[in-house]
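Peer 1: next comes the sequence, and after it the predicted model I'd like to discuss.
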Amino acid sequence: MKYHQVLVIGGGLAGMRAAIACNQNNIKVGLLSKVHPVRSHSVSAQGGINAALGNNERGGTDSPMRHAFDTIKGSDYLADQDAVVKFLEAAPKRIYEMENWGCPFSRTIEGKIAQRPFGGAGFPRTCYAADRTGMYLIQTLWEQICKYMQTSMREEMVIYDEWIVLKLVIEKKKVVGAVAWNLKDGQLETFKADAVIMATGGIGRIYSNTSNALTNTGMGMSLAYWAGVQLKDMEFVQFHPTTLKGNNCLMTEGCRGEGGYLVNDKGERFLKNYPDSAVAMEIAPRDIVSRNIWREVIAGRGINGEDYVYLDLRHLGMEKIMSKLPGIRDIAMNFVGVDPITQPIPVQPGHHYTMGGIDTDKNAATETEGLYAAGECACVSVHGANRLGGNSLLETIVFGAIAGESAVEYIDKGGKTGDVGKTLEGAKKEVIGKIDNLFHSKGKEDPAPIREELQKTMAKNAFIFRNEKDLKSAHTQIQALRERYKQIKIMHTSSLRFNQDLMWNLELEGDLDIAEAIVLGALERKESRGSQFRDDYPKRDDEKFLHHSMFEYTPNGAKLGKKKVTLGHFEPKERKY
Amino acid sequence: MSKKVTFKIFRFDPDKDKKPCFKKYTFEVKKGMTVLDGLFHILRTMDGSIAFRSSCREGVCGSCAIHIGGKYRLACETQIAGLGRTIVIRPLGHMPIIKDLIVDMTAFWNKYRQIKPYLMPGDPDPKSRERVQTEDERKKVDVLIDCILCGSCTASCSVSATNPDYIGPAAMMKANRFIQDSRDNAVEERLRIAATENGAFRCHTIFSCQYVCPKDLNPQASIAQLQELALKRAFGKLE
């Protein structure tokens, strides 16, 4: 058994920032990550990170409250307003901190952090470092971790890379530790901790058309869900308007922020034909742009009548593309052989982000004692029904720091885990039992088609436009897939060392349970709000649905509940741009 | 039009194999299929015991650098089409094998940490504002900051292969990234670490690091810059 005062699960931006906060306060911290921290999905974030710095010449009167207004309006009024204000008041401080730590932000003429316009924002407030903002941020945090791993000035900070957590252990409504698998040598190990911070990121791989990394499975959120922690607002799934046709790599919103056009088969900038995007055009919020692209596709005005449109950057010129969007150009050239300097990029809406996640309050605390969550796996909620571009990177570092500080405060006030050796050993035995069952399964189901069918069902039936019939059919299919999952037979059963057949198929169970929660939430919410658009209920219904959806795990499926939304700063109004 | 391709893959499981071997997998290639797609196809339908690294699948995380058809490349952004009918796939060179295509990069990360890979501005952080940096100053770190730490350069470097103390191209480019950053103020210390007999002056200028870099970066140019700065420092001409 290993012991750390705080155990962080997940090594992306939120996890690393949380670990740094613990380390700054001389708390012994261990960080477990399925991949080396610099390989985490945060690395794929491109366009930037929001804060009301007012560095852009058109950003003069921007303020955290204006940023809060845009965020709440963007959320279709489902965000908790006290949390949003806390979130955005902390934004400038956290961005300056990243800059001070070395993040190579692009610069204005005065040498300040450069900011570009993004969707749904009243001011250009998205700070960026070309179009690889996430990669530079993650390397900056990793550099800080290396710095403090080397000094004797602070308490230990141990990074367990290529360890995957298989079970979160909660005893009497208090988190006590976890069981993890060291992929490199195949050993299972128990971890005792006084506090645990979940930072496992998103779950994109339950959709076939996601921009997310391969690592983003339903397993992370499921760890908490299976242990009895509630999930929140799972039906709200963001579809990014511009993912590359085919493999759905992200084509940053920065492309449109820098002035790119979206055009249909007739060569027309079609966003002008829709009332909700006619004014803001390409920089309308993501939910609106995605819907309008898909409406074009449904009407047969996709390119060649197919399921994509063009993102045209040619008029921006070579210099701007090379200096501000070089990564986009690389991806377009590598995967579809298109050079954006001379050709338009084929794009389509694809799964991008989950607004929902592990239920936390504005201090990143869950209702389980000692358990915190931050980043995409958490739902505070600061994004409500639709997240604004540039707010997710911000959420990772703001709430990563808050989660770390909350855990520190909990421990300072005496939060402690007692003798749980037996409990953890019991949990480890359960995990071993689960693996043994898979190794000796007499079932005949091949797990690969189960995963594929799940991903296709989600992309078809729980996509941009939803309705009762499709969602019910998706639910039935997921139930059937869950039954088939119980009978799976995996191929590699002789060793645990980097047994990726076992790893991916253990994660598949999490995929199925999270998918089920999304579909049930979408069915229950008979209204259209933010990212959730119901053909059969096309209007927002504040009277019946201005509340968060809650999901409690049971072996027979999710049990749904409700939770109040905190208002207080801005009255819900119709959302127009 | 679909066609068949054979991956000839390096296999080694230290738990059971006495020595490594190559195993062949033949399958049908779909249009647009990358080498990483091919590896997943093998894992999920042909042989669940194969092990390889992956994460972002879009060339920014640095997980999947392996030796493909004669060159170190990122599996995720390498199209199978154009590589011929039989493609030989091996792990990064000169690093201990954990399993199959997965190598132990501990030494690589130790070198990275050795050069103090973090900003050393020499003054307290201003906290409530940025350190001002002009656009031209920022341009000096362009390209240098794009290293994704995939290890291809180190794996291809004959000096890294034979001298365990050699700092290696990736770490030296990182050192130079900070030296070139106008906000950093530790050039003396950085040169003391990186421009030594096991640092910049051990480079044999074979340029394999530049040849293989999947991000088209040039670690060798950074090494040359470190040498130049070290000489200037020795002659008291460092600005």
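Peer 2: Structure's in. What do you need? On a predicted model such as this, the values are computed, not experimentally measured, just so you know.

Peer 1: how about stretch B:117-132, which residues are buried there?
Peer 2: For stretch B:117-132, the neighbour count (16 or more other C-beta atoms under 10 Å in any protein chain shown) marks B:Pro117, B:Tyr118, B:Leu119, B:Met120, B:Pro121, B:Glu130, B:Arg131 as buried. For the C-beta atoms, the positions are set from N, CA and C on the backbone; glycine is no exception.

Peer 1: ugh, wrong one, I meant stretch A:97-106
Peer 2: A:Glu97, A:Met98, A:Glu99, A:Asn100, A:Trp101, A:Gly102, A:Cys103, A:Pro104, A:Phe105, A:Ser106.

Peer 1: what segments of the stretch 201-350 of chain A are strands?
Peer 2: A:231-232, A:237-244, A:261-263, A:309-312, A:345-354 (DSSP state E, counting those that start in this stretch).

Peer 1: how about the CA coordinates for the longest helix seen in chain B, as CSV?
Peer 2: In chain B, assigned by DSSP state H, the helix with the most residues is helix B:219-234. Provided in CSV are the C-alpha atoms of helix B:219-234 (Å, rounded to 0.1, in the frame of the first residue of the first chain):
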residue,chain,number,x,y,z
PRO,B,219,17.6,20.3,-32.7
GLN,B,220,21.0,20.4,-34.4
ALA,B,221,20.7,24.2,-35.0
SER,B,222,20.0,24.6,-31.2
ILE,B,223,23.1,22.6,-30.4
ALA,B,224,25.1,24.9,-32.8
GLN,B,225,23.7,27.9,-31.0
LEU,B,226,24.7,26.5,-27.6
GLN,B,227,28.2,25.9,-28.9
GLU,B,228,28.4,29.5,-30.3
LEU,B,229,27.2,31.0,-27.0
ALA,B,230,29.6,28.9,-25.0
LEU,B,231,32.5,30.1,-27.1
LYS,B,232,31.4,33.7,-26.7
ARG,B,233,31.1,33.1,-23.0
ALA,B,234,34.6,31.6,-22.9
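
Peer 1: show me what that helix is packed up against.
Peer 2: Contact partners of helix B:219-234 among helices and strands, from 3 or more C-beta pairs under 8 Å, 6 or more residues apart in numbering or on different chains; DSSP states H and E: helix B:169-179, helix B:187-194, helix B:208-212.

Peer 1: and if we set it to 10 Å?
Peer 2: helix B:152-156, helix B:169-179, helix B:187-194, helix B:208-212 (3 or more C-beta pairs under 10 Å, 6 or more residues apart in numbering or on different chains; DSSP states H and E).

Peer 1: next, the angle from it to helix B:169-179.
Peer 2: Angle of helix B:219-234 versus helix B:169-179, following axes from the mean of the first three to the mean of the last three C-alpha atoms, to 10 degrees, is 50 degrees.

Peer 1: give me the buried positions along helix B:219-234.
Peer 2: B:Pro219, B:Gln220, B:Ala221, B:Ser222, B:Ile223, B:Gln225, B:Leu226, B:Gln227, B:Leu229, B:Ala230.

Peer 1: returning to that earlier point: now the strands of the stretch 201-350 of chain A in CSV, with mean neighbour count, distance to B:Glu77 and mean pLDDT?
Peer 2: Compiled in CSV, the strands of the stretch 201-350 of chain A are given as follows (neighbours: other C-beta atoms under 10 Å in any protein chain shown; distance: least, C-beta to C-beta, whole Å; pLDDT from 0 to 100):
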stretch, mean neighbour count, distance to B:Glu77, mean pLDDT
strand A:231-232, 25, 34, 98
strand A:237-244, 27, 12, 97
strand A:261-263, 22, 25, 98
strand A:309-312, 24, 20, 98
strand A:345-354, 27, 16, 97
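
Peer 1: what pLDDT does the model give the most far-flung residue of chain A relative to its centre?
Peer 2: For chain A, the residue at maximal distance from the C-alpha centroid (C-alpha atoms, centre = their mean) is A:Lys442, at 36.3 Å. Reading off the confidence values, A:Lys442 has pLDDT 96.

Peer 1: quick one: the helices in the stretch 1-150 of chain A?
Peer 2: A:13-24, A:64-74, A:81-89, A:91-100, A:133-150 (DSSP state H, counting those that start in this stretch).

Peer 1: which strands or helices does the second one pack on?
Peer 2: Judged by 3+ C-beta pairs under 10 Å, 6+ apart, helix A:64-74 is in contact with strand A:49-50, helix A:81-89, helix A:91-100, helix A:286-298, helix A:391-412.

Peer 1: of the ones you listed, which is nearest chain B?
Peer 2: Nearest to chain B among the helices and strands packed on helix A:64-74 is helix A:91-100 (3.8 Å), distances taken as C-beta to the nearest C-beta.

Peer 1: next one: that closest one to chain centre, how far?
Peer 2: The chain centre lies 21 Å from the centre of helix A:91-100; the measure is C-alpha atoms, centre = their mean, to the nearest Å.

Peer 1: ditto for stretch A:140-149
Peer 2: Using C-alpha atoms, centre = their mean, the offset of stretch A:140-149 from its chain centre is 23 Å.

Peer 1: can you check stretch A:192-202 too?
Peer 2: With C-alpha atoms, centre = their mean, you get 15 Å for stretch A:192-202.

Peer 1: CA atoms only for it - export them in PDB, please.
Peer 2: Extracted C-alpha coordinates of stretch A:192-202, given in PDB (Å, rounded to 0.1, in the frame of the first residue of the first chain):
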ATOM      1  CA  LYS A 192      -4.400   5.300   0.700                       C
ATOM      2  CA  ALA A 193      -5.100   9.000   0.700                       C
ATOM      3  CA  ASP A 194      -6.700  11.600   3.000                       C
ATOM      4  CA  ALA A 195      -8.200  13.400   0.000                       C
ATOM      5  CA  VAL A 196      -8.600  12.400  -3.600                       C
ATOM      6  CA  ILE A 197      -8.900  14.800  -6.600                       C
ATOM      7  CA  MET A 198     -10.500  13.500  -9.800                       C
ATOM      8  CA  ALA A 199      -9.100  15.100 -12.900                       C
ATOM      9  CA  THR A 200      -9.700  12.400 -15.500                       C
ATOM     10  CA  GLY A 201     -11.000  14.600 -18.400                       C
ATOM     11  CA  GLY A 202     -13.700  14.000 -20.900                       C
END
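
Peer 1: is it anywhere near chain B?
Peer 2: No - against chain B, stretch A:192-202 shows no contacts by C-beta under 10 Å from any C-beta of the partner chain, the least distance being 11.0 Å.

Peer 1: buried residues in that stretch, which are they?
Peer 2: Those buried within stretch A:192-202 under the rule 16+ other C-beta under 10 Å are A:Lys192, A:Ala193, A:Asp194, A:Ala195, A:Val196, A:Ile197, A:Met198, A:Ala199, A:Thr200, A:Gly201, A:Gly202.
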